[in-house]
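[1] what's the 3D shape of this:
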Amino acid sequence: MAVGAARLRLPVGLYAGDAASPPAPPCCGRRWRPPLSFGHSCPRKRLLPLPLSCSAAVGAPEREGELAFTDLEVRLIEGLLGVQGRGRSATSQQLKEVDQAVKDLEHVKGVPEPTSSSLIEGRWQLIFTTRPGTASPIQRTFVGFDGFLVFQEVYLRSGDPRVSNIVRFSDAVGELKVEAEATIKDGVRILFRFDRAAFSFKALPFKVPYPVPFRLLGDEAKGWLDTTYLSQTGNIRISRGNKGTTFVLQKRTEPRQRLLSAISTGDGVKEAMDELISLSSRRTSEEEEALLEGEWQLLWASQMIEESLPEAAAAGLKGLQIFRGSGRVENLVDIFPGFKLCTYGSLVKSDDSYDITMSDGAIMVGSVRFLLDVKRSYSMQLLYIDNKIRITRGYKDTIFIHVCADRPNRR
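    This is a model prediction of the structure:
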């Protein structure tokens, strides 16, 4: 099967200094079983991807394919998984969780005087940003669109200190790079002034200038960037710009993040998925069922299957999939505002897979229900699951990737 042949895309989820107006690159019912503990009280370093494991000390070595994070950093990364548009379409709950995680990291600080540390140097990928109303239209267009990758390069220890923002449209198309000359003001703040920008297209042997007269913009091309948190590993950075925007950036993203990024851009989904599956730990039936319970939003499917809307909902080809207590499963599709399609059935564990039987359904218009005769049975094989991401092989051998949208409250 050619994974990646089609995507059922629901949105998944910098500008260096955020100056005044320079151009910018641009997851219920009853519980199945008591909840499992994944060691969230571990006080020091953790290794991702999940299940989370704790090292004996901060300096413990990382295993291949894993990145080490502190507990607070794990909270931030967990909060960011599934946030859409790097924050542009985040829910109020997601924004609240991320904001608290950011503030907690800023409180413990990290590397002192980050602008004086070599750890700040290099290329950083933008993972999240807040969106003040003053952000430029170009900035909102590029940064809020998941189909583009956005980076920031920081090089302060050269003969020409610079901070650059890069929007990579795709490997095949090229990128836009906006550069600024930079000056270190103190241990936290970098001053900058944008002075040049250009498109680099793969099809052209030369760069195409970005048509903005930076010199004529005067103070509008100037700004500052404060680094309020820099991890001891040099892998996570939190910065705030002079317009109040907050940025979360990483040098190395962990496998789940890489998978979501690949889904967003449409490139390398199979490779990122295979990497994550290869890191999966074998779980007991009790562990699997505890993780399954909750609401799962479909992000990606390996193939497009022509079915009527009720049949597609019954097969889990669209929308939200909800696993409830007592082996109940529900698929929910928003047809358009005020209209929902629901199908209901059961889930039974069978050897290394789950047998799903959808037995009935309904179209709901407000509080009114119109019953549907929906019958569908298929097998679901769990390839990977943690508390945020689920990869399964299901109807007609289709591979699905879901992100957890909500879980029942655990008491």
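
[2] tally of neighbours for Pro161?
    A total of 16 residues lie near Pro161 under the criterion other Cβ atoms under 10 Å. Placement of C-beta: from N, CA and C, glycine included.

[3] how about Trp124, nearest residue that isn't a chain neighbour?
    Nearest residue to Trp124, sequence neighbours excluded (Cβ to Cβ, 6 or more residues apart in numbering): Leu249, at 3.8 Å.

[4] the one you found: how many residues sit nearby?
    By other Cβ under 10 Å, the residues close to Leu249 number 22.

[5] try Ala172
    Neighbours of Ala172 (other Cβ under 10 Å): 9.

[6] and it, that's in a strand?
    No. Counting by DSSP: H, G, I helix; E, B strand; the rest coil, Ala172 is not part of a strand but coil.

[7] quick one: low-confidence residue ranges for the protein.
    Residue ranges of the chain with pLDDT under 70: 1-66, 84-85, 87-89, 131-146, 409-411.

[8] that older thread, what helix or strand is the residue nearest to Trp124 on?
    Following DSSP states H and E, one finds Leu249 within strand 246-250.

[9] would you state the strands of the stretch 201-350 of the chain in chain order?
    When secondary structure is read from DSSP state E, counting those that start in this stretch, the stretch 201-350 of the chain shows strands at 207-209, 222-230, 236-241, 246-250, 294-301, 320-324, 328-336, 339-350.

[10] and Val150, how close does it get to Ile238?
    16 Å (Cβ to Cβ, to the nearest Å).

[11] of those two, who's got more company?
    Neighbour totals were compared for Val150 and Ile238, and Val150 leads with 29 against 23 (other Cβ under 10 Å).

[12] what's the burial count for the spatially closest residue to the more buried one that is not a sequence neighbour?
    Leaving aside its chain neighbours, Val150 sits nearest to Leu126 (4.2 Å; criterion: Cβ to Cβ, 6+ apart). Neighbour count of Leu126, defined by other Cβ under 10 Å: 24.

[13] roughly how far apart are Leu126 and Arg390?
    26 Å.

[14] again, but for Ile277
    For Ile277, the distance to Arg390 - Cβ to Cβ - is 11 Å.

[15] between those two, which contacts overlap?
    By Cβ atoms under 8 Å, 6 or more residues apart in numbering, Ile277 and Arg390 have these common neighbours: Tyr384.

[16] more crowded one of those two?
    The residue with more neighbours, out of Ile277 and Arg390, is Arg390; 23 against 14, by other Cβ under 10 Å.

[17] rewinding a little: which of the strands of the stretch 201-350 of the chain sits closest to Gln93?
    strand 294-301 (12.9 Å; Cβ to Cβ).

[18] the helix or strand containing Arg168 vs strand 222-230, what angle?
    Taking DSSP H and E as the criterion, Arg168 maps to strand 162-170. If you take axes from the mean of the first three to the mean of the last three Cα atoms, to 10 degrees, strand 162-170 sits at 80 degrees to strand 222-230.

[19] now the following helix or strand past strand 162-170: buried residues?
    Next helix or strand after strand 162-170 toward the C-terminus (DSSP H and E): strand 174-184. By 16 or more other Cβ atoms under 10 Å, the buried positions in strand 174-184 come out as Gly174, Glu175, Leu176, Lys177, Val178, Glu179, Ala180, Ala182, Ile184.
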